[in-house]
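S.K.: Make a model of this:
(chains A and B)
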Amino acid sequence: MIASVRSGLDALQRRVASGEVGSLPVILGLVLIWAVFTYLNPLFLSPLNLTNLLAQIAATGIVSVGIVMVLLLGEIDLSVGSVYGLGSAVMAVLAVQKGWPAAPAIAAGVLTGTLIGTFHGFFFTRFRIPSFVVTLAGLLTWFGAQLHVLGEKGTINLNDPIMLQLANQFYPASVGWTLAVIVVALLGTDLFFITRRRRAAAGLPLGGWAGELAKFVVIAGVIFGAMAVLASDRGVPLSLLILLALIVGFDLILTRTRFGRHVFAVGGNAEAARRAGISVNGIRIAVFGLCGTLAAFGGIMGASRLEAVNYNSGTGDTLLNAIAAAVIGGTSLFGGRGTVWSALTGGLVIGSINNGLALLSAASDVKFMVTGGVLLAAVTIDAVARQGRQRAGV
Amino acid sequence: MLQLRGISKRFGAVQALSKVDFEVYAGEVVALVGDNGAGKSTLIKVMAGIYVPDEGEIWFEGKHVPVHGPRDSAALGISTVYQDLALSDNLDVVANLYLGREELSTPLPLLSEEKMEQKAREVLKSLDVKIPNPRNAVAALSGGQRQSVAVARSVMWKAKVVLLDEPTAALGVEQTKQVLELVLRLRNQGLGVIVISHNLANVFEVADRIIVMRLGRRVGTFNRADSSEQAVVGAITGAEFGKFQPQA
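M.R.: Numbers count the residues shown, from 1 in each chain, chains lettered A, B, ... in the order given. So this is what the prediction gives:
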């Protein structure tokens, strides 16, 4: 037992030294931020406020999931703020002015994002224009389209109950506890039984129990802890469940499917991927399409929370928060390294700063400067880790 | 096993290869040496299917075969390890070995990690490549180990002839030794191995035959057993041993 704990610690130390820092810095940062805000205002840790925080991060978090995938390719998408705005504007106009029912209107909004993302991917791969330029042009173009779609009035209030439900529905604690128990049970079965049995059947060496046990205890603790907090307030927000479902789904796609493997391969070494017979451009177009889709869906979640779409939807800090969350969460700007869980962990950091400073009645000036500082710290960690890898002879 | 007959290739005014014959047999290591611009790389690229020769024929296992592109060459079982290795640093060894050929499970099309890891361990073991854990990222490997992984990937898909472009450039003494041992193991498994190298000491350690190119022609063939480094150097530079007389 002690030996396996020690080998686990050694592995961790090796990873840090060779630049594979993973999500360690962001967890430490989050603990620090929470400690500071709780010290400044004890209300920060109240169930009411934490529930608000979790509901606040959903829209941007969904956008971040798409950004993480684009960053894994070593590319960037600067248009997500405008796609966020345009997607929600399309939905609002169709539903409120054209009288479409909720489901097709939402689908049309999301599909707008898919088309735009695919279009960006096509321009990027076909004409070899750097992705930041293509999507910078997109940022302007689709913001213009958003203004055009919204028309002269500029604000459309949502009144469809289904649309409002997306961000404002809370499920009672009993539903949440049931889900939490199911998820923890599934995780435990996978960690302790399925994976180990399959490895044993294939005659592969099994690692010690310590790493898996620690992982299980930490994840189960976080899930039940979060559930306890939510249970003592309004219950489980639907928006949080949607965000988590998307993260788990895309994590599965990225780590356990051929498509996901190829995304990492293209981000790590595009030439090697091409020689291995991978359709590099196909992967790129697909990822930009997914990023556009998620950006538009994030916009729809944001509109549901605001209960309206206006000229300002998706402008301001939406784009920067989504990118900052991904990077703060530990996804490398240099491609090939990261996880979609960055969208949650980094999103919590950004969300906590915004939320905590609002509790302290700080104005936007402080908020922007603090967020900028945290982003700079995160990219510095990323760059230093990359140098560590290069020093390790990579 | 693989035979090239009368291969010529022009690039504009430059005659890169003129009427070059080349052959490698199963279970043999052939070193291809020559100065820069001698036509080694062009010849390798003809074998790999990247260049289509202007003249000449390619024969494989006794049959005249058409090679119009890299796919034809790969389908025959000719695989090439270029100097840049083409590995993905961020992926682990198993993922690199299976890149583009991932095994999937049924019924859900998820990656079958156990199956791939099992086969990867077998391949590495059969080539006696020592890697602490095939689940480590390639980024964490030494230069010799990376070269070994690249070679293992090239031969694990039914390769019969392997082309290695400068496999020991940029490697330390110990790692060079690892890679040369790997070359010998490939030969002992019955593959035809072609090595391009500038390092004659290495060439003499592993090659059965040494083919010297100069100015697009094959100017000499040496059996390792009965030749000296000096003679090979003479052929490379054109100062043929014994014939060269300084002008007074």
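
S.K.: State the distance from B:D84 to B:P70.
M.R.: 16 Å (C-beta to C-beta, to the nearest Å). Bear in mind the C-beta positions are built from the backbone N, C-alpha and C, glycine included.

S.K.: Please say which of those two ends up with more neighbours.
M.R.: B:P70 (15 against 12; other C-beta atoms under 10 Å in any protein chain shown).

S.K.: Just give me the neighbour total for the residue lying closest to the more buried one once chain neighbours are set aside.
M.R.: Excluding the flanking residues, the one nearest B:P70 by C-beta to C-beta, 6 or more residues apart in numbering or on different chains is B:G49, at 4.3 Å. For B:G49, the count of nearby residues is 20 (other C-beta under 10 Å).

S.K.: what does A:V80 give?
M.R.: For A:V80, the count of nearby residues is 35 (other C-beta under 10 Å).

S.K.: Isn't it up against A:T315?
M.R.: No: assessed by C-beta atoms under 8 Å, A:V80 is found out of contact with A:T315, at 11.8 Å.

S.K.: which residues does the closest residue in space to A:L158 that isn't next to it in sequence contact?
M.R.: In this structure, A:L158 finds its nearest non-sequential neighbour in A:E307, 5.3 Å apart by C-beta to C-beta, 6+ apart. A:E307 sits next to A:N157, A:L158, A:L164, A:N168 when contact means C-beta atoms under 8 Å, 6 or more residues apart in numbering or on different chains.

S.K.: Output the below-cut-off pLDDT ranges for the chain.
M.R.: Just so you know, I chose chain A. Chain A contains residues with pLDDT under 70 at A:1-22, A:390-394.

S.K.: my bad, chain B
M.R.: Chain B contains residues with pLDDT under 70 at B:240-248.

S.K.: So which residues on it come close to chain A?
M.R.: Applying C-beta under 8 Å from any C-beta of the partner chain, we find that chain B lies next to chain A at B:84-91, B:95, B:99-102, B:104, B:109-111, B:114-115, B:117-118, B:121, B:137, B:139-140, B:142-143.

S.K.: Could I have the buried ones of those as ChimeraX selection syntax?
M.R.: A single ChimeraX command selects the buried members of these (16 or more other C-beta atoms under 10 Å in any protein chain shown):
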select /B:85,86,87,88,89,90,91,95,99,100,102,110,111,114,115,117,118,121,137,139,140,143
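
S.K.: sorry, back to before: which of the contacts of A:E307 sit farthest apart?
M.R.: By the measure C-beta to C-beta, A:N157 and A:N168 form the most distant pair in these, at 14.1 Å.

S.K.: Roughly how far does the closest residue to B:G37 other than its chain neighbours sit from B:Q15?
M.R.: Leaving aside its sequence neighbours, B:G37 sits nearest to B:L215 (C-beta to C-beta, 6+ apart; 7.7 Å). To B:Q15, B:L215 is 8 Å away according to C-beta to C-beta.

S.K.: Now the closest residue to B:A150 other than its chain neighbours: phi and psi?
M.R.: Among residues not flanking B:A150 along the chain, B:L85 sits closest, at 4.3 Å (C-beta to C-beta, 6+ apart). Dihedral pair for B:L85: phi 70, psi -30, per degrees, to the nearest 10.

S.K.: ok, B:L85 touching B:R146?
M.R.: Yes: with contact defined as C-beta under 8 Å, B:L85 counts as touching B:R146 (5.9 Å).

S.K.: what's the neighbour count on B:G190?
M.R.: By the criterion of other C-beta under 10 Å, B:G190 has 11 neighbours.

S.K.: Equivalent analysis for A:P104, please.
M.R.: Residues lying near A:P104 (other C-beta under 10 Å) number 13.

S.K.: what helix or strand is it on?
M.R.: Assigned by DSSP states H and E, A:P104 belongs to helix A:102-126.

S.K.: Return the set of buried residues in that helix.
M.R.: A:102, A:105-106, A:108-114, A:116-125.

S.K.: One more: stretch B:180-191?
M.R.: Buried, per 16+ other C-beta under 10 Å, within stretch B:180-191: B:L180, B:E181, B:L182, B:V183, B:R185, B:L186, B:R187, B:L191.

S.K.: Over to stretch B:214-231?
M.R.: B:R214, B:G216, B:R217, B:R218, B:V219, B:G220, B:F222, B:R224, B:S227, B:A231.
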